[in-house]
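[1] here's my sequence, what's the structure:
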Amino acid sequence: MLGVCVTDQAMRRLPMATRYARTLINAIRRLVRFQIGGRNQRALLIVMLSPFMPVRSLNEAAQFSGVSKNLVGEVLGVRHPSTALMHLRRNGERRLIAHLRRLAHADPSVRSRQAVTLCIDDCTRRVRGDMGGLAHPCYSGADKKTVFGLNIEELVAVIGDGLEVIVLDVRVMLPRHDGPGQQRETLGEWAIAALARINTAVQRAGLDLRESYLSVDSAYANGDMGKAAEALGLHLVSEIRATWIVTGPLGLSLPSNVYLWLYDRVHAADFKPLRGDPGTTYFRHHVDSRVFGQIVVVTFHFPDEIKHLFTPYTDMMSITMRRAAKRRWQIERTFWDLKQLLGLKMIHQQIRSRVLIRIYLAFMHWQAIKDCATEFGITVDAYAKVLRHDPQAVLAEIRLSSEFVPDLNPSAASVEEIAASRET
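    Numbering: from 1, shown residues only. As a prediction, the model looks like this:
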């Protein structure tokens, strides 16, 4: 995954914080693929690793690190947001293709344990200021109401039950009217376009996504998404929407929340224990929906909640549906880590390009720290705690990593940046 052997004797002799910081910086360097000189590399690493420093803003981070705050601002301003997004996407495509290539030559048991689940979800975060015009009133599922904030969407690939999590695409939702004549893509349009792009990259490598799973939030579960999943050969799993009209075996048509409430009580004695998930029971049945036609609905009674999952694929096992839904919750973990650890709340700039690039850099940071935490066999939170307790070790590794890199003109855009800016 990282190409880093954590049992290497030289690394094992280093203090833990130094070892963690060095591994993380190396992972970041592979993701970001710096096209800038030593001073500017240091400034960009300070931006990305500032959440591990005892600071509340980038100005304080620059002061703590002993670099010019103007340099920190310059290094954000010189890079185009689409460059960061391009690197994020290409890294995700490369890793997904490498895994699919390994699966193509693996035996059936390995293919089953390391199946790919593509997961799509969004998240709303409250912010202060208009964030370069990106902040707008949007619905927050956590608050159960509309709030003023940023709405961010993510497409990830989860390998197995979390063996590896690969960020494939990210989008910051624009306000409803972002300039004369401009209409933003809806949730479903962006997701379908992102899936098509990933599928094209995979097919170009001589592989395909068929028989993989697609686990999406209920906001994305519509007829267009169902058609896209079927065309790509993906097995769709999602939660059923409360407002859908469904028809049961007796021909009675009701909103799904009313129908399932009644059905669960009539069949309360028919719920079975779910293998491999103590304390969870389930009941499986078929209904007709106006959106997908006949679907399988499985009601899961967890110790603390009830979930109604559905799939148009009638042969899919109930435990497979449960696992696919559980893998999507990896995205919720991503968003939580971004909020708690990666300093999205520290973004105070009101220039759109700088807000965007900091968000994309935060996702790159999360990908790198997730990979490192997996290599060391710990959680992202535990990894971050070690670094937060020793910010001087982080700072020393930042300086060391850029010490022997020659300084370049920060305003000289790379060929990749020019190409990326033209794409947008």
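[2] so what's Arg323 up against?
    Thr117, Asp161 (C-beta atoms under 8 Å, 6 or more residues apart in numbering). Placement of C-beta: from N, CA and C, glycine included.
[3] surely it is in a strand?
    No: applying DSSP: H, G, I helix; E, B strand; the rest coil, one finds Arg323 to be helix, outside a strand.
[4] which parts of the stretch 101-250 of the chain are strands?
    With DSSP state E, counting those that start in this stretch as the criterion, the stretch 101-250 of the chain has strands at 116-126, 136-140, 145-159, 164-172, 213-216, 235-239, 245-247.
[5] where does pLDDT dip in this structure?
    Along the chain, segments meeting pLDDT under 70 span 1-13, 34-38, 78, 177-186, 342-345, 348-349, 402-424.
[6] can you show me the helices along the stretch 151-300 of the chain?
    Assigned by DSSP state H, counting those that start in this stretch, the stretch 151-300 of the chain shows helices spanning 187-204, 223-232, 256-266.
[7] buried ones in the first one?
    Put plainly, it is helix 187-204. By 16 or more other C-beta atoms under 10 Å, the buried positions in helix 187-204 come out as Leu187, Gly188, Trp190, Ala191, Ile192, Ala194, Leu195, Ile198, Asn199, Ala201, Val202.
[8] just the CA trace of it, in PDB.
    C-alpha atoms of helix 187-204 as PDB (Å, rounded to 0.1, in the frame of the first residue of the first chain):
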ATOM      1  CA  LEU A 187     -26.100  15.000  -6.300                       C
ATOM      2  CA  GLY A 188     -27.000  12.200  -8.700                       C
ATOM      3  CA  GLU A 189     -25.500  13.900 -11.800                       C
ATOM      4  CA  TRP A 190     -22.100  14.400 -10.200                       C
ATOM      5  CA  ALA A 191     -22.100  10.800  -8.800                       C
ATOM      6  CA  ILE A 192     -23.000   9.200 -12.100                       C
ATOM      7  CA  ALA A 193     -20.400  11.300 -13.900                       C
ATOM      8  CA  ALA A 194     -17.700  10.300 -11.300                       C
ATOM      9  CA  LEU A 195     -18.600   6.600 -11.700                       C
ATOM     10  CA  ALA A 196     -18.400   6.800 -15.500                       C
ATOM     11  CA  ARG A 197     -15.000   8.500 -15.200                       C
ATOM     12  CA  ILE A 198     -13.700   5.700 -12.900                       C
ATOM     13  CA  ASN A 199     -15.100   3.000 -15.200                       C
ATOM     14  CA  THR A 200     -13.400   4.600 -18.200                       C
ATOM     15  CA  ALA A 201     -10.000   4.600 -16.400                       C
ATOM     16  CA  VAL A 202     -10.500   1.000 -15.300                       C
ATOM     17  CA  GLN A 203     -11.500  -0.200 -18.800                       C
ATOM     18  CA  ARG A 204      -8.500   1.700 -20.300                       C
END
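[9] quick one: list the elements packing against that helix.
    helix 81-104, strand 116-126, strand 145-159, strand 164-172, helix 223-232 (3 or more C-beta pairs under 8 Å, 6 or more residues apart in numbering; DSSP states H and E).
[10] dump those to TSV, plus distance to Asn59 and mean neighbour count.
    Compiled in TSV, the helices and strands packed on helix 187-204 are given as follows (distance: least, C-beta to C-beta, whole Å; neighbours: other C-beta atoms under 10 Å):
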stretch	distance to Asn59	mean neighbour count
helix 81-104	21	19
strand 116-126	22	23
strand 145-159	22	20
strand 164-172	24	21
helix 223-232	43	17
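[11] for the buried residues of helix 187-204, which one is nearest Ala115?
    Nearest to Ala115 among the buried residues of helix 187-204 is Val202, at 14.7 Å by C-beta to C-beta.
[12] how much space separates Ala268 from Ile295?
    To Ile295, Ala268 is 22 Å away according to C-beta to C-beta, to the nearest Å.
[13] with neighbour numbers in mind, choose between the two.
    Each of Ala268 and Ile295 has its neighbours counted (other C-beta atoms under 10 Å); Ile295 has more, 20 against 11.
[14] next one: the residue in the chain sticking out farthest from the centre from Val266, what distance?
    The C-alpha centroid of the chain is most remote from Leu250, which lies 41.6 Å away (C-alpha atoms, centre = their mean). Separation of Leu250 from Val266 (C-beta to C-beta): 11 Å.
[15] again, but for Arg56
    From Arg56 over to Val266 the distance is 56 Å, taken as C-beta to C-beta.
[16] neighbour-wise, which of those two wins?
    Neighbour totals were compared for Arg56 and Val266, and Arg56 leads with 13 against 8 (other C-beta under 10 Å).
[17] does that one touch Met346 like I think?
    Yes: contact criterion C-beta atoms under 8 Å: Arg56 and Met346 qualify, at 6.7 Å.
[18] hmm, back to that, identify the residues contacting the residue farthest from the centre of the chain.
    For Leu250, the contact set (C-beta under 8 Å, 6+ apart) is empty.
[19] and it, its phi and psi?
    Main-chain dihedrals, Leu250, degrees, to the nearest 10: phi -90, psi 10.
[20] distance between stretch 18-34 and the chain's centre?
    19 Å (C-alpha atoms, centre = their mean, to the nearest Å).
[21] right, so of the helices and strands packed on helix 187-204, which gets closest to Phe363?
    Between these, strand 164-172 lies closest to Phe363; by C-beta to C-beta that is 5.2 Å.
[22] tell me which other helices or strands that closest one touches.
    Secondary elements touching strand 164-172 (3+ C-beta pairs under 8 Å, 6+ apart): helix 81-104, strand 145-159, helix 187-204, helix 318-341, helix 352-376.
[23] any chance of the ones you listed in CSV, with distance to Glu211 too?
    As requested, those are exported to CSV (distance: least, C-beta to C-beta, whole Å):
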stretch, distance to Glu211
helix 81-104, 10
strand 145-159, 14
helix 187-204, 13
helix 318-341, 12
helix 352-376, 25
